[in-house]
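Participant: Return a 3D structure for these sequence lines:
(chains A, B and C)
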Amino acid sequence: MNSSVGSDAAVLRVEDLHKRYGSEEVLCGVSFSLAKGETMVVIGPSGTGKSTLLRCINHLTPPDHGRVWLERTEISHHRANLNRIRAQIGFVFQDFNLFSHLTALGNVRIAPMKVRGMSRRDATALAMEELERVGLAAKADAYPAELSGGQQQRVSIARALAMAPKLILFDEPTSALDPELIGEVLDVMMGLARDGMTMLVVSHEMGFARSVADEIVFMEHGRIVEQGPPARMFTAPEHPRTAEFLRKISELYGESDE
Amino acid sequence: MPLRSSGQTREVRIIDSFVAIGRYVPMLLRASLINIELLFALILIGFFVGTLVALCQVYGGRLLGTIAGIYEWVFRSVPALVLLFLFYFGPSQFGLYISSFLAASLALGFRSSAYQSQIFRGAIQSIASGQMMAARSLGMSRPRAIRTVILPQAFRLAIPGWSNEFSSVVKDTTLAYAVGLNEIMRSARIIYDRQYQLAMPALIGVALVFLVMTYAGNGLLGGIERRFRIPGLQMPGQGREGELIRRK
Amino acid sequence: MTFDWRWVAPLAQGLLLTAEITSTCIAIGIVLGVLLSLGRVYGRRFVRGLCAVYIQFFRGTPLLVQLSIVYFGLPTWGIRLSQFTSAILALGLNTAAYQAEYFRGAIQAVRGGQMLAARSLGMSAPQAIRWVILPQAFRLVIPAWSNELILMIKYSSIVFSIALYDLMGVGKKIASREFRYFEVFLVVALFYLALVFIVSQALRALERRVRVPGLGAPGEAR
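Facilitator: Numbers count the residues shown, from 1 in each chain, chains lettered A, B, ... in the order given. I've put the predicted structure just below:
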């Protein structure tokens, strides 16, 4: 836990989350907190509950047990405000999930229009701004099928940004992309981190983690094994499993340049 | 047993009518056998003609293929009732006698052949062309290759679509009443022409008969489908999306 | 075989009635069908069951039986409807059952991630259904609905049995009057072929109009 940040500045606090699917327990008591402006990257072997963790935070998957706070509001059990809460948390999916029947512009402005009640004109202006921010203003009228994977993912980031969220959750944002398209998405994410966005990222991209993360969390079998700043985690991890995983990963993925 | 019709509330009359239909049930059931006979007759005609048409379209060359295509389009686009009238009254006009059963079998049979040919054609075309190449490279002639390699696979692939056709065509057999066939709808009509109060029970009875036939048929066909299934041999779009199929 | 030009005018009149009946019952079918499919997919268990029973009944029994129940059966229960009303009621209820199934297939063919993405942006379930799922389902269902429309054009011929003078009814009247069934019904067949052809072309053009790249029928590659 980053002790220089008091819990008052915590945008997200997760306490003892549990989730089981059938007989398998996917999350076995996960707790951590995320401060404003902090970028936290979660790493770990596949199937260890990392995606489930993200989905439990914004209740796309309801957790069996545990509590979640967004700033000072406890969001874990208040059914009524789920939609409003989700509007404050951005989510970027591994397979983008852009709305196939809308153009890029349509995708980005639909939530501000329908959820926040913005006028079409204001929402369009906002959407163009966000598309500009991710470098895709020129593709505003393209349909998702006409965009490359990297472009689609950037549009989905713009879509999340348009709601001015308090934090953004990234669920393996580059895992479904061809290697040459990964860079453009990571660039956008790095820009966001630089601009002070609070981000919780599940990823295998070690280069990104090393250069952008404020905190790295290593999860295995539904539990947090170790967490700490990248400098320490990458050079002198305390837990043997952490070291083993990091070694395997750098063999597999190599180092990616920023 | 005449129905009491005066001095009764409507509810009582309705209940009475459902009781009174009892003596006509054997008649209705016997008539339903005619529907089933017609069903098998027309399916058989549809099967043989349909296979022929499908083969013409896939392997027949330009002329045969076009003719087959037109045949298929015409018999799919003209309403069943029109076909029934053409097949029943047509021959009589030229001096040939034709029974309602035969006319109905032919009319509905050719119509079914148009749909069945579509099913077979899809099945044949989804068998990888490599199969034909392999057969020819072993020295088989085209007809032999078709008979021993393509058709056995095509028939299996066609079973789901074919059983769809079967279960939807069973309802069309009622249309044959229009050319005088003594099937179940005609019998029901005879009943309520005689006693109008029996209309509802008679018709609901007919509906029930068809519901039973549909369910029994689907169960049977599902069993056949499972019996002949070969793992890995499936048409694209089978399964959930395959349910987006027409009915009658 | 002799044909008579004087048949064309009354047959054309009948054709108009066929068109009227078909379009009305299809409209009923679309509205009711969408409601039924929404009930089947998103409703509570009771609603789901009710919709399923309706659909099973109307798909499992012949259209002729359904029409006869409405026109001949209901009067014995005190409900007397005109021929036209009976026709569009029976046909409408019938086509709704089939359209409900096609639409349900289309809804389920919209990928699950779309709903997740919509909810993650804060949309409520009704909003997500209205703005994300349905627009896509409507596009996906067009081929099946086009098919259904063509089918209904043909099945509307059944209304001649309750003395409605649509294309089929007029044909039968002329044919029995002049006892020239074969020729008359050949012409009737041509009329139906022409109608089916024109409507098919129109529907294909419509499909092209509303097409969105990447949103094809299930099974179509992106």
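
Participant: all helices for the chain, in order.
Facilitator: Since no chain was named, I'll use chain A. Ranges of helices in chain A, per DSSP state H, are A:50-57, A:82-88, A:104-114, A:120-133, A:149-161, A:179-194, A:206-212, A:230-235, A:240-253.

Participant: hm, I was asking about chain C
Facilitator: Assigned by DSSP H, the helices in chain C fall at C:8-42, C:45-60, C:63-68, C:83-109, C:112-120, C:125-128, C:134-155, C:167-178, C:181-209.

Participant: Out of those helices, the one nearest A:A138 is which?
Facilitator: Closest to A:A138 of the helices of chain C, according to C-beta to C-beta: helix C:112-120, at 23.2 Å. No exception for glycine: its C-beta is placed from N, CA and C like everyone else's.

Participant: mean confidence score for that closest one?
Facilitator: Helix C:112-120 carries an average pLDDT of 92.

Participant: cool, and stretch A:229-236?
Facilitator: For stretch A:229-236, mean pLDDT is 87.

Participant: Check stretch B:129-149 too.
Facilitator: Taken as a whole, stretch B:129-149 has an average pLDDT of 81.

Participant: Now do it: distance to the chain's middle.
Facilitator: 32 Å (C-alpha atoms, centre = their mean, to the nearest Å).

Participant: so what's C:I129 closest to, chain neighbours aside?
Facilitator: Counting by C-beta to C-beta, 6 or more residues apart in numbering or on different chains, C:Y42 is the residue found nearest to C:I129 once chain neighbours are left out, at 6.9 Å.

Participant: can you check C:T61 too?
Facilitator: Distances taken as C-beta to C-beta, 6+ apart put B:A207 closest to C:T61, at 4.4 Å, once the chain neighbours are dropped.

Participant: can you tell me the helix or strand for that neighbour?
Facilitator: Under the criterion of DSSP states H and E, B:A207 resides in helix B:199-228.

Participant: just checking, what packs against that helix?
Facilitator: On a contact count with 3 or more C-beta pairs under 8 Å, 6 or more residues apart in numbering or on different chains; DSSP states H and E, helix B:199-228 meets helix B:10-20, helix B:25-59, helix B:151-172, helix B:184-194, helix C:45-60, helix C:63-68.

Participant: ok, B:Y97 touching B:Y88?
Facilitator: No: at 10.7 Å, B:Y97 does not count as touching B:Y88 under the criterion of C-beta atoms under 8 Å.

Participant: more crowded one of the two?
Facilitator: Neighbour count, other C-beta atoms under 10 Å in any protein chain shown: between B:Y97 and B:Y88, B:Y88 has more, with 25 against 7.

Participant: before we move on, back to that, okay, now the residue nearest to C:I129: neighbour count?
Facilitator: 14.

Participant: and the gap between it and chain B?
Facilitator: Counting by C-beta to the nearest C-beta, to the nearest Å, the gap from C:Y42 to chain B is 17 Å.

Participant: if we can go back for a sec, and the helices and strands packed on helix B:199-228 as TSV, adding distance to chain A?
Facilitator: Compiled in TSV, the helices and strands packed on helix B:199-228 are given as follows (distance: least, C-beta to the nearest C-beta, whole Å):
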stretch	distance to chain A
helix B:10-20	47
helix B:25-59	32
helix B:151-172	28
helix B:184-194	45
helix C:45-60	20
helix C:63-68	34
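
Participant: Please identify the most buried of those helices.
Facilitator: Comparing the helices and strands packed on helix B:199-228 by mean neighbour count (mean count of other C-beta atoms under 10 Å in any protein chain shown), helix C:63-68 ranks first with a mean of 24.

Participant: so what secondary structure elements neighbour that one?
Facilitator: Looks like helix C:63-68 contacts helix B:184-194, helix B:199-228, helix C:83-109 (3+ C-beta pairs under 8 Å, 6+ apart).

Participant: From the chain's centroid, how far away is it?
Facilitator: 15 Å.

Participant: Can you list the neighbours in contact with it?
Facilitator: B:171, B:174-175, B:177, B:185, B:188-189, B:199, B:203, B:206-207, B:210, B:248, C:58, C:86-87, C:90-91, C:93-94, C:155, C:158-159, C:161-162 (C-beta atoms under 8 Å, 6 or more residues apart in numbering or on different chains).

Participant: Over in chain B, which residue gets nearest chain C? Let me know.
Facilitator: B:F89 (3.3 Å; C-beta to the nearest C-beta).

Participant: From A:Q153, how far off is the closest residue to chain C within chain A?
Facilitator: When scored by C-beta to the nearest C-beta, chain A has A:A145 as its residue closest to chain C, at 2.4 Å. Distance of A:A145 to A:Q153, given as C-beta to C-beta, to the nearest Å: 14 Å.

Participant: Then A:E172?
Facilitator: In this view, A:E172 and A:Q153 are 11 Å apart by C-beta to C-beta.

Participant: Who has more neighbours out of these two?
Facilitator: Neighbours per residue (other C-beta under 10 Å) separate A:E172 from A:Q153, with A:Q153 holding more: 29 against 21.

Participant: circling back to that earlier point, can you list the helices and strands packed on helix C:63-68 in JSON lines and add mean pLDDT?
Facilitator: Compiled in JSON lines, the helices and strands packed on helix C:63-68 are given as follows (pLDDT from 0 to 100):
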{"stretch": "helix B:184-194", "mean pLDDT": "91"}
{"stretch": "helix B:199-228", "mean pLDDT": "87"}
{"stretch": "helix C:83-109", "mean pLDDT": "94"}
